[in-house]
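K.L.:
Give the three-dimensional model of this entry:
(chains A and B, ligands or ions: 3)
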Amino acid sequence: MAKHPVSLKVNGDEHDLLIEPRKTLLAVLRDTIGLTGTKEGCSTGDCGACTVIVDGKAVTSCMVLGVTASGKEITTIEGLASDGELHPIQQAFIDTGGYQCGFCTPGFIMASKALVDENPDRTEEEFRFALGGNICRCTGYTKILEAVLQAAEEIRTNS
Amino acid sequence: MKSFEFFEPTTLAEASSLFAQKHAQLLAGGTDLVIGMKAYTETPETVISLQKIPGLDGITTDNDKSISIGAMTKVRQVELSEDIQQYHTALAEGASEIGSIQIRNLATIGGNIAHASPAADTVAGLLVADAQVDIASADGERSVPINELFTGPGQTVLKPGEIITQFRLLHPASGSHYIKHKIREVMDLAFIGVASAVNMQNGVIKEARIGLAAVAPTPIRATEAENLLSGKTPTPELLAQAGEAAAAATSPISDLRCSAEHRKEMVDVLTRRTLQNALDRV
Ligand SMILES: Cc1cc2nc3c(=O)[nH]c(=O)nc-3n(C[C@@H](O)[C@@H](O)[C@H](O)COP(=O)(O)OP(=O)(O)OC[C@H]3O[C@@H](n4cnc5c(N)ncnc54)[C@H](O)[C@@H]3O)c2cc1C
Ligand code: FES
Ligand code: FES
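P.N.:
Ligands and ions are numbered 1, 2, ... in the order given. Predicted structure coming up:
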């Protein structure tokens, strides 16, 4: 089938690509562009490992067709640090030990980033609900929640 | 996923004529379709995106408080809309129950309805809002009340080439409530979904609407229960009668998730509960 010309803006860089319509955004990011920080867990929308931010909104990239992301601004885990400085959320996951094997971490960090950008004043309970689409098999979630609350606190005080 | 031809039309007419072809499927947010294509339960040869057609998304409120919701409006936007939270609380609550925020940022209300799952979380709220479904095709436009849209699980009256453009919610309710009966707090499908909406006049129920999901081959209104309520003063006995009448209107199945008996019993309980909460919110 015919490939489609697509221009993706990923972490500020333009990528002009020819892709098959059946390729998901997740596959384009990982296999075509080579950004393998975004993970594929379930591939059915249930685990959140593939979460990236498209035009400011967290989405599960495993069910987005890459062709439909043309012209949109995409941020992946690789785009969070700037000038060698980790984003406060990345730092918070390190400080609290919010990861073990790390497979779910990029998804958790991207979902959390969208949440604190939208509203860092959420309660712990609200963050729990809002992160319900992300699954971790290692940490038991407590330290992840600590990380998110620490980052939200820091972003509140700095803004 | 099987290969397919991909189109991004910019007009409804173009989308409709492409969609009228054999083995064509519409793409809205993709949360049902792309998952279906990966599982090979959907194998369209042509996929037509609605995302580039202007005017299909957004929520507008008129002076008389009637609200239009474009078919391509994300369910996250429905959930967060202040007007929908106020005048159609049950619909906002239903939207907030779908999957995760990441899913709700993709999923559209048009897709949730057109997919016609009896368990769709926006359907009970649209039923109690007595929504009109506006439909367009190359042949023109028509409008169907939401309770006449569904013909069976996954089946609607939509003909090849017909596209839902918007939902019109003409009857605001002064109190409404949706309960999704489920096991997990998030990321679970409804065993059953119950919505109730009421309008009051001088302490008497002027009108009541009850919408039930996942308890019959299609989502349904519990009209006998609604008729029992209208014109009466709400009492626990009256709500109990309405609960029984609503349960009697269902024909649930037993499946892996839940038995038919339990579904029927819970329709009774949750009809009473959603009615009471709707009344409390007036
Ligand atoms: C992990 C996960 C969890 C979920 N949890 C829930 C849940 O808890 N509750 C729930 O209700 N749903 C749930 N869903 C399903 C829900 O996301 C979908 O029903 C969604 O609302 C469909 O909208 P869409 O825009 O993604 O549709 P698409 O997948 O893009 O489209 C689905 C189909 O609907 C038809 N269609 C779409 N738009 C139109 C239109 N305007 N006119 C005519 N036909 C149209 C087409 O046939 C299309 O193929 C879940 C999905 C996932 C992946
Ligand atoms: S890989 Fe996308 S949600 Fe699991
Ligand atoms: S750290 Fe291993 S899955 Fe979360």
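
K.L.:
who touches B:Met1 in this structure?
P.N.:
For B:Met1, the contacting residues are A:Arg22, B:Val34, B:Met37, B:Lys38, B:Tyr40, by Cβ atoms under 8 Å, 6 or more residues apart in numbering or on different chains. Yep, even glycine has a C-beta here, placed from its N, CA and C like the rest.

K.L.:
Equivalent analysis for B:Ala95, please.
P.N.:
B:Val75, B:Arg76, B:Val78, B:Glu79, B:Ile84, B:Arg104, B:Ile109, B:Asp121, B:Thr122, B:Gly125.

K.L.:
Give me the secondary structure label for it.
P.N.:
Assigned with DSSP: H, G, I helix; E, B strand; the rest coil, B:Ala95 falls in the helix class.

K.L.:
got a markdown table for the contacts of B:Ala95, with secondary structure and pLDDT too?
P.N.:
As requested, the contacts of B:Ala95 are exported to a markdown table (DSSP: H, G, I helix; E, B strand; the rest coil; pLDDT from 0 to 100):
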| residue | secondary structure | pLDDT |
| --- | --- | --- |
| B:Val75 | helix | 98 |
| B:Arg76 | helix | 98 |
| B:Val78 | helix | 98 |
| B:Glu79 | helix | 98 |
| B:Ile84 | helix | 98 |
| B:Arg104 | helix | 98 |
| B:Ile109 | helix | 98 |
| B:Asp121 | coil | 98 |
| B:Thr122 | coil | 98 |
| B:Gly125 | helix | 98 |
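
K.L.:
ok, and which of the residues you listed reach ligand 1?
P.N.:
Taking Cβ under 6 Å from any ligand atom as the test, ligand 1 is in contact with B:Val75, B:Asp121 out of the contacts of B:Ala95.

K.L.:
ok, the contacts of B:Ala95 vs ligand 2, which is closest?
P.N.:
Ligand 2 lies nearest to B:Arg104 out of these, by Cβ to the nearest ligand atom, at 13.3 Å.

K.L.:
if we can go back for a sec, please tabulate the contacts of B:Met1 in JSON lines and include pLDDT and neighbour count as additional columns.
P.N.:
Shown next, in JSON lines, are those (pLDDT from 0 to 100; neighbours: other Cβ atoms under 10 Å in any protein chain shown):
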{"residue": "A:Arg22", "pLDDT": "97", "neighbour count": "19"}
{"residue": "B:Val34", "pLDDT": "98", "neighbour count": "26"}
{"residue": "B:Met37", "pLDDT": "98", "neighbour count": "23"}
{"residue": "B:Lys38", "pLDDT": "98", "neighbour count": "17"}
{"residue": "B:Tyr40", "pLDDT": "97", "neighbour count": "9"}
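
K.L.:
Please identify which of these is nearest to ligand 3.
P.N.:
The closest of the contacts of B:Met1 to ligand 3 turns out to be B:Lys38 (Cβ to the nearest ligand atom; 21.9 Å).

K.L.:
Could you find the closest non-adjacent residue to the closest one?
P.N.:
Excluding the flanking residues, the one nearest B:Lys38 by Cβ to Cβ, 6 or more residues apart in numbering or on different chains is B:Met1, at 5.4 Å.

K.L.:
same question, B:Ala225
P.N.:
Sequence neighbours aside, B:Ala245 is the residue nearest to B:Ala225 in space, at 3.8 Å (criterion: Cβ to Cβ, 6+ apart).

K.L.:
Please apply the same query to A:Ala114.
P.N.:
Take A:Ala114 and drop its neighbours on the chain: the residue closest to it by Cβ to Cβ, 6+ apart is A:Ala58, 3.7 Å away.

K.L.:
Help me confirm that the one you found comes into contact with B:Gln102.
P.N.:
Yes: at 5.1 Å, A:Ala58 and B:Gln102 qualify as touching, with contact defined as Cβ atoms under 8 Å.
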